[in-house]
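Student: Using only what follows, build the 3D model:
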Amino acid sequence: MKKAFTLAEVLVTLGIIGIVAALTLPALIQKNQDKELISRTRKIYSDINNAVLRAQSDFGVVGDNSFLFNPNNTSEQSAENFLKYFNGAKLCKSKSDKGCEQYFYEIKFSSPNASGSDGTFVADTSNHPRLVLNNGAVVTVYQYNNPDCYAVTTSIKRDEYYQPILDKDGNTIKSQWTNRRCAFLRMDVNGPKNPNQFGHDAFELIVEKGRVSTNGWSFTGQQSLTNIISGKDELIYTNYVKGGKVKL
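Tutor: The predicted structure follows:
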């Protein structure tokens with residue numbers, strides 16, 4: 001007689017396969033999704049840099065971003081100028097513009113950011129103008145108004161949760177740093193679609209007078225973006241719940 005598996009053995013085997021699949025499939029799906037986001041990030045980063053270069057050529061100031069992102073402009077004016085260099089893109093000046101409400105949404109920081117005195121984790125909720133690109137990406141434009149894209153700025157030292165660092169007497173510690181920003185751009189490479197988190201599908205670019213830099217704040221995805229641009233496919237972010245609190 002030929003030997004065969006019993007029904008019980010088949011069911012046990014299927015159960016084991018199901019358990020293994022349940023444990024491995026989410027990780028595989030996440031890995032594929034991350035690969036897609038990384039690919040989109042490289043493409044949009046390239047598109048932004050090409051747009052900046054074309055603008056420099058049009059203004060006749062190769063190597064100088066202070067004409068496109070003029071310190072005398074509002075964010076809206078700079079966004080209007082930048083829009084010209086993206087085929088099929090549209091400008092959403094505010095949430096109230098027709099068809100624009102969906103593009104003004106919260107983006108979680110790449111790590112828990114506790115702004116405010118109670119230490120509550122918050123998300124970015126800025127209302128600056130958006131460029132909606134024809135590939136679904138959203139680019140937010142923040143114009144700085146420092147003369148010639150330069151200022152010496154005094155700020156408060158903060159910890160990893162963006163809480164003020166205090167000295168032994170309980171006072172905030174201040175430091176000076178050189179602000180060479182003409183503007184900064186926040187790009188969400190898949191628009192309103194989740195995960196809507198810096199370091200995962202959203203990133204920040206710093207526009208300086210002579211370059212577009214990835215050297216932004218860590219909580220706006222700087223580590224992830226540096227990895228992606230250098231060819232390292234690794235996203236750095238922390239899953240956390242907005243509204244949670246850090247112990248102060």
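
Student: what about N127, which helix or strand?
Tutor: Here N127 is covered by no helix or strand, with elements defined by DSSP states H and E.

Student: ok, now R186?
Tutor: Here R186, judged by DSSP H and E, is contained in strand 181-188.

Student: How about residues contacting that strand?
Tutor: Outside strand 181-188, the residues that touch it by C-beta atoms under 8 Å, 6 or more residues apart in numbering are 41, 44-45, 48, 65-66, 69, 71, 75, 78, 107, 124, 126, 137-144, 146, 149, 196, 201-209, 212, 216, 220. Quick note: C-beta positions are derived from backbone N, CA and C, even for glycine.

Student: rerun at 6 Å
Tutor: 44, 65-66, 69, 138-140, 142-144, 149, 201-207, 209 (C-beta atoms under 6 Å, 6 or more residues apart in numbering).

Student: ok, then the element right after it?
Tutor: Taking DSSP H and E, what comes next after strand 181-188 is strand 202-208.

Student: What mean pLDDT does that following strand get?
Tutor: In this model, strand 202-208 carries a mean pLDDT of 97.

Student: quick one, it and strand 181-188 angle?
Tutor: Computed with axes from the mean of the first three to the mean of the last three C-alpha atoms, to 10 degrees, the direction of strand 202-208 lies at 160 degrees from that of strand 181-188.

Student: Kindly export strand 202-208 (C-alpha atoms) in PDB.
Tutor: Output of strand 202-208 as PDB, limited to C-alpha atoms (Å, rounded to 0.1, in the frame of the first residue of the first chain):
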ATOM      1  CA  ALA A 202       8.700  63.200   3.600                       C
ATOM      2  CA  PHE A 203      12.000  65.000   3.700                       C
ATOM      3  CA  GLU A 204      13.400  68.500   4.000                       C
ATOM      4  CA  LEU A 205      15.900  70.300   1.700                       C
ATOM      5  CA  ILE A 206      17.700  73.500   2.700                       C
ATOM      6  CA  VAL A 207      18.100  76.100  -0.100                       C
ATOM      7  CA  GLU A 208      21.300  78.000   0.500                       C
END
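
Student: by contact count, what packs against it?
Tutor: strand 181-188 (3 or more C-beta pairs under 6 Å, 6 or more residues apart in numbering; DSSP states H and E).

Student: Only the C-alpha atoms, please, for the strand it packs on, written as CSV.
Tutor: Extracted C-alpha coordinates of strand 181-188, given in CSV (Å, rounded to 0.1, in the frame of the first residue of the first chain):
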residue,chain,number,x,y,z
ARG,A,181,19.2,79.7,4.3
CYS,A,182,17.4,81.3,1.5
ALA,A,183,14.5,78.9,1.9
PHE,A,184,13.7,75.4,2.7
LEU,A,185,11.5,72.9,0.9
ARG,A,186,9.6,70.0,2.4
MET,A,187,8.7,67.3,0.0
ASP,A,188,6.3,64.5,0.5
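
Student: which neighbours does it have in its sheet, and in what orientation?
Tutor: strand 138-143 (antiparallel), strand 202-208 (antiparallel) (DSSP bridges).

Student: So what's the gap between the strand holding R186 and the chain middle?
Tutor: Computed by C-alpha atoms, centre = their mean, to the nearest Å, the separation of strand 181-188 from the middle of its chain amounts to 9 Å.

Student: now the lowest-mean-pLDDT helix or strand in the chain: how far from the chain's centre is it?
Tutor: Lowest mean confidence among the helices and strands of the chain (mean pLDDT, DSSP states H and E): helix 7-59, at a mean of 83. Distance, stretch centre to chain centre, for helix 7-59: 17 Å (C-alpha atoms, centre = their mean).
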